[in-house]
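Colleague: sequence and computational prediction follow.
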Amino acid sequence: MKFAFFALASFTRILSTEALTSGSVALTWTPNAVDYVQGTTATSVDIVLKVTNNLEAARQGGADSFEITSVHSSLFSANGAVDVSVASQAGNTGLTSSSFDCTNAVSTKLITCTLKGNAVVNPNVDLSIKLIKTNTNLINALPNAPATFAFTAKTSRDATVGALKGFPVNLNQVKSASVTLPPSSHVVGTVPKSFAFQMQPRSPLPPGATITITSNEALFGGSGNYQTSSISQPGVPLLRAAQFTCARTSNTELTCTLSTSTIITTSNLSVSLLPSASATLTALPTAAGTEVTFTYATSVDTTALGPQSAFKTQQAQMKSASVALTPNTYYTLTTPTEIKFTIQLRQPLDTVNQNIIITSTPALWTAAGPLTVNAVNNTGGAATISNIGAASDATGKITTITLKQGASIVNSAPFEISLGAGSAAKFAALGAPTTQTTFSLRTSLTTLNLALQGWTVAAAPTETAGTTFLPSAVSKGATCFAIYSSKGFAQGNQVQIGKYTGNSTDSEIRVIQNIYPSSDCTGTALSSRRLAPGLASIKPEAALVNSYLANSPVEIVYPSYGSTCFPGDATVDVYGRGATRMTSLSVGDRVLVENGEFEPVLSFLHKVPGVAKAMTMVHSQGTFQASENHIVFTSRGDMPVSALRPGDELLVQSGPSTILTIGQAITATGMYAPFTASGALVVDGVVASNYGTPTSKSSLPHAAAHAAFFSLRVYYYLDLAMVAKVLFSLAVVMILPLMRSHKL
């Protein structure tokens, strides 16, 4: 029984329930492609199949085959053999055109191809077969449109049929076409400077063929031929303007004749015509919204394409516009640093003193005068910052942009211009919240203004004290920068400019040397914190090393609870230099610290010039000065200077030193607080902390302050920016409980 079963299996074809996975049937015309035009006869039938199961010519039980059935009509004219000119499959080198016998059956619209010899068709790889006519079996001409050819396929190993992609039959007409009349964007009453059209035929156009374009409006004037300024078609590299002549045949019709070359069907033909001495283009209709249509036909077509809508005439005004400020927060009372207009013209500007007039409500500028042109862009035009001018009028509401010698603005791309303040005309501060700014724009050529909605002034944001942002961009090297709100900021604060990203070029920390109620560090510096938001400016102790965009954050990372510092004439021991005054100390200098080693100054927690108060302690080994809330080390433990009493022993390099007297002094050399990795340093021979207590009435262990500022040490040690929230969270968690339990 087993032998009989295996013998039966070896001679029986096992059918799969899976059909072909994909495929298509297409036609080819040579030498020039035809887009399935009715009545035309192809030169080959191209079949692509991807089978699910392998096909074999030498299969026991009979050679494998596949069948293609046309749903519409037979592709070949007679029953019998058709020739295979090409057969190929990637990776199957043994497969050739002689690997198949193919036949056609007219009545069943069936093409059958059977494998021969030792041929094999592999599964899941495209099989390509090209069938051509024989002397007795021709390819049929395509029927009249509309018609669609669809196909099914089945192999000898399939139990079901699969669908193949087919093709539609098209009318003998132009496939697609369009007309534009540069460069006026079809503005009413304007005379086009050129006539441009694109066309893709379905049938090749041989030498001598003609193209006729008919309009519903009178566009063609004069008589004779137009000048062919350009002609091109991908795939026809030898096509030249001299081979293509277009003549006015009526005021609504244009006929073009091809003298040599052939226009093909696989790409767009692009032609641009210019008026000649005899043939002209006439003005467009004067009524806006007039629809202009065109009909297209070639000499090989039987049906014209169209009429198709090409365009509607437009009003003589700008096409579109937009506006934006820098910064783009639009907060009340802020002063912009730049305004950018993006304008799309309908009519190009190319003459000296032609202009764009922009009227704003309310005023943009404070006075009349030239404006600074920061940037200009108009792809295809000739506009630069040197040949485009801008100015404000006395009301500050009218901005005029003027073309100088050599300038031109095309309408094929947006015109972008960024303006800044001039020497006299400055930006006006934004008004009250909810104020809306509107614009009206026109050019020297327009008759209608374009209305543009600008911005709505926003209310000032609710801010936490000590947190604000830059209202305008700040450049590298700046020694003054504006902040939107001065609430919570004071002289001596350390502030972080920019947002922490892990990249040192995105943020930095600076000490506030002075803070001003102006936006440019002019006027009298503020001596105390402001309690309400208000525009201000900060003068840092050193120039900024990075540039920052408008709206970059600014926030305090080490608040000032008074001057927790040493006088500027106090001295430290700098490695390789010896005794050095605080005023001459710099970041990076290596200073003597508690353990007798030298550590670099990472930064200054405070660096405040000017007059300040300090306490003076005369002790058995010298004199020491510091602010009253600075932490020092004594035999009773670490404590603020304000808690010291005569008889207490200060920690100095050689051991304890008894305090003899305590008094107060005024210093004119400023107050300084160097910051080291160990958190301490030797000042005038006394070992002192880097830190101070929040007030002179509270106590804080040095170790707690040092731990609270771990993240700040990491920032300086690794040269990274530090997130202020991390610093504050550590400080609050560690300092406040200690303050409650260490009251004096």
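Modeller: Yep, that arrived.
Colleague: what's stretch 581-597 in contact with?
Modeller: By C-beta atoms under 8 Å, 6 or more residues apart in numbering, the residues outside stretch 581-597 that reach it are 566-577, 580, 598-604, 653, 669-670, 672, 674, 676, 678, 680-682, 687. Quick note: C-beta positions are derived from backbone N, CA and C, even for glycine.
Colleague: mind listing what's buried along it?
Modeller: M582, L585, D589, R590, V591, L592, V593, E594 (16 or more other C-beta atoms under 10 Å).
Colleague: any idea which of those is closest to Q60?
Modeller: Relative to Q60, the closest of those is R590; by C-beta to C-beta it sits at 93.1 Å.
Colleague: pull the distance from the top strand by length along the chain to the chain's centre.
Modeller: Counting by DSSP state E, the longest strand found in the chain is strand 655-667. Centroid separation for strand 655-667 versus its chain: 63 Å, with C-alpha atoms, centre = their mean, to the nearest Å.
Colleague: quick check: buried residues in it?
Modeller: In strand 655-667, counting by 16+ other C-beta under 10 Å, buried: S657, I659, I662, T667.
Colleague: circling back to that earlier point, show me how to select, in ChimeraX, the buried members of the contacts of stretch 581-597.
Modeller: Applying 16+ other C-beta under 10 Å to these, the buried members can be selected in ChimeraX as follows:
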select :566,567,568,570,571,572,573,574,598,599,600,601,602,603,604,669,670,672,674,676,680,681,682,687
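Colleague: so which of the contacts of stretch 581-597 sit within helices?
Modeller: Taking DSSP state H, every one of the contacts of stretch 581-597 sits outside helices.
Colleague: in CSV, list the buried residues of stretch 581-597 along with secondary structure, distance to N377 and pLDDT.
Modeller: Output for these, formatted as CSV (DSSP: H, G, I helix; E, B strand; the rest coil; distance: C-beta to C-beta, whole Å; pLDDT from 0 to 100):
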residue, secondary structure, distance to N377, pLDDT
M582, helix, 52, 93
L585, coil, 50, 93
D589, coil, 49, 95
R590, strand, 52, 96
V591, strand, 53, 96
L592, strand, 59, 95
V593, coil, 57, 92
E594, coil, 61, 83
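Colleague: picking that back up, which helices and strands sit right next to the longest strand of the chain?
Modeller: strand 612-619, strand 622-626, strand 649-652 (3 or more C-beta pairs under 8 Å, 6 or more residues apart in numbering; DSSP states H and E).
Colleague: can you put these in JSON lines and add mean neighbour count, mean pLDDT and distance to F294?
Modeller: Putting the helices and strands packed on strand 655-667 into JSON lines (neighbours: other C-beta atoms under 10 Å; pLDDT from 0 to 100; distance: least, C-beta to C-beta, whole Å) gives the following:
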{"stretch": "strand 612-619", "mean neighbour count": "19", "mean pLDDT": "88", "distance to F294": "85"}
{"stretch": "strand 622-626", "mean neighbour count": "21", "mean pLDDT": "94", "distance to F294": "90"}
{"stretch": "strand 649-652", "mean neighbour count": "20", "mean pLDDT": "93", "distance to F294": "98"}
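Colleague: can you redo those strands as a markdown table with distance to M199?
Modeller: Converted to a markdown table, the helices and strands packed on strand 655-667 look like this (distance: least, C-beta to C-beta, whole Å):
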| stretch | distance to M199 |
| --- | --- |
| strand 612-619 | 85 |
| strand 622-626 | 89 |
| strand 649-652 | 95 |
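Colleague: determine which of the ones you listed approaches G488 most closely.
Modeller: Taking those one by one with C-beta to C-beta, strand 612-619 is closest: 21.3 Å.
Colleague: who touches the closest one?
Modeller: Strand 612-619 is contacted by residues 563, 565-567, 623-628, 641-642, 644, 650, 652, 657-667, 670-671, 686 when judged by C-beta under 8 Å, 6+ apart.
Colleague: ok, the buried residues of stretch 581-597 vs Q233, which is closest?
Modeller: The closest of the buried residues of stretch 581-597, once distances to Q233 are taken by C-beta to C-beta, is D589, at 74.9 Å.
Colleague: the closest one and V652, how far apart?
Modeller: According to C-beta to C-beta, to the nearest Å, D589 and V652 sit 21 Å apart.
Colleague: name the nearest residue to L219, sequence neighbours excluded.
Modeller: Spatial nearest neighbour of L219, excluding adjacent residues (C-beta to C-beta, 6 or more residues apart in numbering): T282 at 5.8 Å.
Colleague: and that neighbour, how many residues sit next to it?
Modeller: Neighbouring residues of T282 were enumerated by other C-beta atoms under 10 Å; the total is 15.
Colleague: quick one: contacts for it?
Modeller: So T282 contacts V191, A218, L219, F220, G221, N251 (C-beta under 8 Å, 6+ apart).
Colleague: now with 7 Å?
Modeller: T282 makes contact with V191, A218, L219, G221, according to C-beta atoms under 7 Å, 6 or more residues apart in numbering.
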